[in-house]
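1. How does the following fold in three dimensions:
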Amino acid sequence: MKQSYLLARYRKLAAFIALALPALTHLRALAQTCPDNIPHITSPTPNGTSFVTSENLGTLRNDFSTWFGMAITVGPSPITVNSLGRLVAPGNSQVHTLKIVDASTGTDIASASTNVDTTQGTGAGTFAYGNVSPPITLSANGSYYILSQEVAGGDQWYDSNTTVTTTSDAGLTGPVSGTGAPYTVTPSSTNEYVPLDFTYTVTTPTATPTPGSFAAVILATEPANLKGYWKCDETSGTTLADSSGNSENLTITGAINANYWLGETGEQGTCFRADGVAGYASRNDAVIPSLDNTNFTLFALFKGGTDFGVLKALAITNSLTTNDLAFIGQNRPTSQAIAQARGHSTIMGSGIANGTAFDGNWHSITFRRNGTAFELFVDGTRVASTTATLATGSTCNRTSLMHMLTSGTTAYAKGSIQHAAIWNRALSDSEIVAIQTARTINPTPTPTP
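-> Numbers count the residues shown, from 1 in each chain. Predicted coordinates:
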């Protein structure tokens with residue numbers, strides 16, 4: 001009887017152990033991966049090419065709290081940054097925030113930051129990395145700061161007498177430091193603080209065909225995303241024809257040869273000129289119906305002086321509000337270009353402006369949205385940028401040239417426009433440069449007096 005009882009107890013105990021053992025094993029594994037309940041940050045295996053190829057370390061210090069790192073200028077091809085790295089100095093044990101800053105504006109690039117745990121990796125004298133997710137593409141010929149947040153009395157790091165050698169896909173331009181814009185840069189092709197590194201891949205430029213006219217270059221650039229393209233080369237009538245294949249023709253408002261002129265000599269064929277009083281062209285819908293989570297590129301050639309008079313010379317808008325829009329034009333009354341976008345709120349609050357575009361000569365203006373990054377180009381060169389998160393819920397119902405259709409009274413442009421194009425895609429740097437380069441293909445000859 002006693003033996004039967006003991007046997008039954010033994011069987012119950014064995015069953016309990018069989019059920020509990022997997023759970024205990026799992027808890028033991030979790031305890032090993034997260035000792036003392038501290039969040040565990042694994043240093044990723046570097047993905048791509050390391051920018052820094054060797055380093056000669058300078059003086060150790062930890063006597064100041066600010067951002068330290070290096071300034072770089074990207075080469076002729078864009079690069080995509082996959083991870084940011086910080087060299088582990090002896091005794092380092094902390095987690096550091098690393099980020100990328102657009103040197104032209106002094107603003108942090110959205111999503112271009114990561115945390116690097118110096119206890120990970122392979123120890124002192126090597127780099128520990130943190131992934132940049134999603135990877136960030138840095139523009140060709142663009143200038144940037146790679147920075148690490150350091151704290152007085154915390155982990156040691158190496159002073160700016162540290163020298164490094166790098167790859168040739170970007171150039172080191174000096175050590176940089178500061179709590180925020182404007183950062184302090186000491187020009188040097190070899191020196192940096194900490195030091196820092198990043199891994200990257202070179203972004204292969206999109207091959208652009210070499211057609212025999214400027215219009216052919218536009219049409220060959222992301223044709224599936226070209227939503228509207230108005231060459232403005234008509235010589236009569238009341239319509240500016242859409243050449244994108246989407247039948248988004250614009251109707252001209254005003255009296256011909258009084259408020260607007262057709263067939264006048266432009267830079268690339270003939271152009272559309274407006275009087276600044278009543279002439280413009282539009283349609284009662286938007287070639288991009290909503291800006292919600294939609295990248296875009298706006299492009300046009302303009303000729304006008306400082307009396308051009310219109311911020312929104314190529315625009316998609318909503319006729320009932322001053323939100324829900326994207327445009328390019330003149331930062332009146334200056335010669336600068338301006339661009340702005342808004343979703344269903346007043347963000348972004350003001351436009352970005354720079355460059356020389358309204359000095360009486362022909363200039364190209366390009367406005368690109370890529371996620372939260374907005375960039376303005378004049379004659380193929382980036383002149384301004386910002387970051388913004390546009391509110392969703394936007395609805396656009398107008399497309400216009402030389403006059404913006406929103407709530408309230410808006411001005412009319414005094415000047416000329418041709419080859420206006422809108423894509424629902426962020427063109428690459430190489431595509432923007434290719435369009436600019438194509439302006440030298442068969443330009444309209446200057447008439448001989």
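2. where does the stretch 101-250 of the chain have low pLDDT?
-> Across the stretch 101-250 of the chain, the ranges flagged by pLDDT under 70 are 203-212.
3. Do a quick rundown of the strands in it.
-> Remark: strands assigned in the stretch 101-250 of the chain by DSSP state E, counting those that start in this stretch are 107-117, 127-138, 143-150, 157-166, 170-178, 184-185, 191-194, 196-202, 226-230, 239-240, 250-253.
4. Save the ones you listed as CSV, and put in mean neighbour count and distance to Gly263 too.
-> From N, CA and C alone the C-beta is placed, and that goes for glycine too. Shown next, in CSV, are the strands of the stretch 101-250 of the chain (neighbours: other C-beta atoms under 10 Å; distance: least, C-beta to C-beta, whole Å):
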stretch, mean neighbour count, distance to Gly263
strand 107-117, 19, 44
strand 127-138, 21, 41
strand 143-150, 24, 43
strand 157-166, 18, 54
strand 170-178, 21, 47
strand 184-185, 14, 51
strand 191-194, 26, 57
strand 196-202, 23, 45
strand 226-230, 24, 15
strand 239-240, 20, 12
strand 250-253, 18, 13
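5. Which one, of those, ends up nearest to Thr395?
-> Ranking the strands of the stretch 101-250 of the chain by proximity to Thr395 (C-beta to C-beta) places strand 226-230 first, at 15.9 Å.
6. what ranges do the helices span in the stretch 151-300 of the chain?
-> 214-220 (DSSP state H, counting those that start in this stretch).
7. picking that back up, out of the strands of the stretch 101-250 of the chain, which gets nearest to Asp275?
-> strand 250-253 (11.5 Å).
8. residues touching Glu126, list them.
-> Rather than Glu, residue 126 is Thr. Thr126 makes contacts with Leu87, Val88, as judged by C-beta atoms under 8 Å, 6 or more residues apart in numbering.
9. I'd like the distance from it to Thr118, if you could.
-> Computed as C-beta to C-beta, to the nearest Å, the Thr126 to Thr118 distance reads 10 Å.
10. Spit out the residues that contact the two alike.
-> Common contacts of Thr126 and Thr118 (C-beta under 8 Å, 6+ apart): Val88.
11. Name the SS class of the closest residue to Thr221 other than its chain neighbours, please.
-> Among residues not flanking Thr221 along the chain, Glu431 sits closest, at 5.4 Å (C-beta to C-beta, 6 or more residues apart in numbering). Look at Glu431: counting by DSSP: H, G, I helix; E, B strand; the rest coil, its state is helix.
12. Next, count neighbours for Glu431.
-> Look at Glu431: counted by other C-beta atoms under 10 Å, it has 22 neighbours.
13. which residues touch the residue nearest to Thr372 when sequence neighbours are not counted?
-> Sequence neighbours aside, Ala110 is the residue nearest to Thr372 in space, at 4.3 Å (criterion: C-beta to C-beta, 6+ apart). By C-beta under 8 Å, 6+ apart, the contact set of Ala110 is Gly371, Thr372, Ala373, Thr387, Thr389.
14. Next one: the closest residue to the third one other than its chain neighbours from Ser133, what distance?
-> Residue nearest to Ala373 in three dimensions, not counting chain neighbours: Thr387, with 5.7 Å by C-beta to C-beta, 6+ apart. Applying C-beta to C-beta, the value for Thr387 to Ser133 is 17 Å.
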